[in-house]
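Visitor: Fold the following for me, if possible:
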Amino acid sequence: MSRTGRKPITVPSGVDVKIDGNTLTVKGKLGTLTQSFDPDMQIEQDNGVINVKRPTDQKRHRSLHGLTRTLIDNMVVGVSAGFKKELEINGVGYRALKQGKDLVMNLGYSHQVIMPETDGITVEVPSPNKVVVSGPDRQKVGQFAAEVRAKRPPEPYKGKGIKYAGEVIIRKEGKAGKGK
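Guide: Model prediction:
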């Protein structure tokens, strides 16, 4: 039995869960998330606890068991507490600012990099070298943060670029000159 799949999901107060066949709708203070799951997985709710059960021990069902439970847990946590990714910008002249619904970044290119906010995502710029991406959908938050990071990934020689807060960039030594 999957350890992850067996864990019950506790639904906090203020979160409304509706199961319609294999479609789950979770509504909370931060929004509403809806997702369809594999029809083989049995999703049951009783007394504010959601359990996911699998019909057989086939490899496919075993892999779907933990996945389904984790996706449901992410939906419940997302609408109640939300998810957030912090990015740090390092480099001389590298900075970010928010103009309306757009994230505008100077990253050493000849032009500014402009990224519009997608629906369900909130972008904040508390300081010129810090960007905070937040929202209820964990997948959208992670995807948007990865797209921002991809505009100028950190390089190993000087450490310039956009990195996740807490990410460790392994530095390399520069080219050593040959002495005569």
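Visitor: and residue 19, how many neighbours does it have?
Guide: 15 (other Cβ atoms under 10 Å). To be clear about C-beta, it is placed using only N, CA and C from the backbone, and glycine gets the same treatment.
Visitor: give the contact list for it.
Guide: 43-45 (Cβ atoms under 8 Å, 6 or more residues apart in numbering).
Visitor: which residues of this structure fall in strands?
Guide: Here the chain has its strands, by DSSP state E, at 9-10, 16-20, 23-28, 31-36, 42-46, 49-53, 83-90, 95-99, 102-106, 113-116, 122-127, 130-135, 161-164.
Visitor: okay, those in CSV with distance to residue 154 and mean pLDDT next?
Guide: Shown next, in CSV, are these (distance: least, Cβ to Cβ, whole Å; pLDDT from 0 to 100):
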stretch, distance to residue 154, mean pLDDT
strand 9-10, 36, 93
strand 16-20, 40, 93
strand 23-28, 35, 94
strand 31-36, 32, 94
strand 42-46, 41, 92
strand 49-53, 38, 93
strand 83-90, 7, 96
strand 95-99, 15, 95
strand 102-106, 14, 95
strand 113-116, 15, 95
strand 122-127, 18, 95
strand 130-135, 14, 96
strand 161-164, 4, 96
